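J.: sequence first, then the predicted structure:
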Amino acid sequence: MNKKRLLIIDDDPRNIFALVNTLRARSYDCLSCLSAEEAIVLLQTDEVIDAVLIDMMMPDMDGYDAIPIIKKIPSRETTAIIAVTAQAMTGDKEKCFQAGADDYISKPVDVDKLLVALSKI
């Protein structure tokens, strides 16, 4: 079985650290970016990314703005995008799906729920 390669986009290095360590322990290969802008550049050049986990609330460009841009990148239309957000307010999940996310996880991340979401990719 090939390792799945994930890109984690979050402006908080602590969140990246926690997710990377958790996922690498479960045989995922992880890359990370501290901004959506940096991630978009990477996604345009690195074709071996199976899924993206993106924090929805970041300065400069948030996940709501970044997801449609990512989905417009040639060869990224079908890349799985999992929205990760600390704001689990009414309507947030639907808003993430409207932006183009394929799944939704709230913070603090429930590892079992995340693994179920990743098993679908």
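T.: On my side now, so go ahead.

J.: please make it C-alpha for all contacts and neighbour counts, starting now.
T.: Will do.

J.: show me the residue at the heart of the chain, geometrically.
T.: L53 (1.2 Å; C-alpha atoms, centre = their mean).

J.: SS state for that one?
T.: The three-state label for L53, taken from DSSP: H, G, I helix; E, B strand; the rest coil, comes out as strand.

J.: so A86 makes contact with D110?
T.: No. Counting by C-alpha atoms under 8 Å, A86 does not reach D110; the two are 11.9 Å apart.

J.: so the two - more neighbours on which side?
T.: Comparing A86 with D110 by other C-alpha atoms under 10 Å, the one with more neighbours is A86, at 13 against 10.

J.: ok, and the closest non-adjacent residue to that one?
T.: Sequence neighbours aside, K107 is the residue nearest to A86 in space, at 4.5 Å (criterion: C-alpha to C-alpha, 6 or more residues apart in numbering).

J.: what's the single longest helix in this protein?
T.: helix 13-24 (DSSP state H).

J.: buried sites along it?
T.: For helix 13-24, burial by neighbour count (16 or more other C-alpha atoms under 10 Å) applies to 15-16, 19-20, 23.

J.: on that earlier part again, the residue nearest to A86 touches K113, doesn't it?
T.: No. Applying C-alpha under 8 Å as the test, K107 and K113 come out as separate, 11.1 Å apart.

J.: I8 belongs to a strand?
T.: Yes. Assigned with three-state DSSP, I8 falls within a strand.

J.: is it in a bridge, and if so with what?
T.: Taking DSSP bridges, one finds S32, L53 as the beta-bridge partners of I8.

J.: for it, what are its contacts?
T.: 16, 19-20, 30-33, 52-54 (C-alpha atoms under 8 Å, 6 or more residues apart in numbering).

J.: now D55. Nearest residue, chain neighbours left out?
T.: V84 (4.7 Å).

J.: which residues does whichever strand or helix holds that neighbour contact?
T.: Assigned by DSSP states H and E, V84 belongs to strand 80-85. By C-alpha under 8 Å, 6+ apart, the residues outside strand 80-85 that reach it are 50-57, 63, 67, 96, 100-107, 109, 117, 121.
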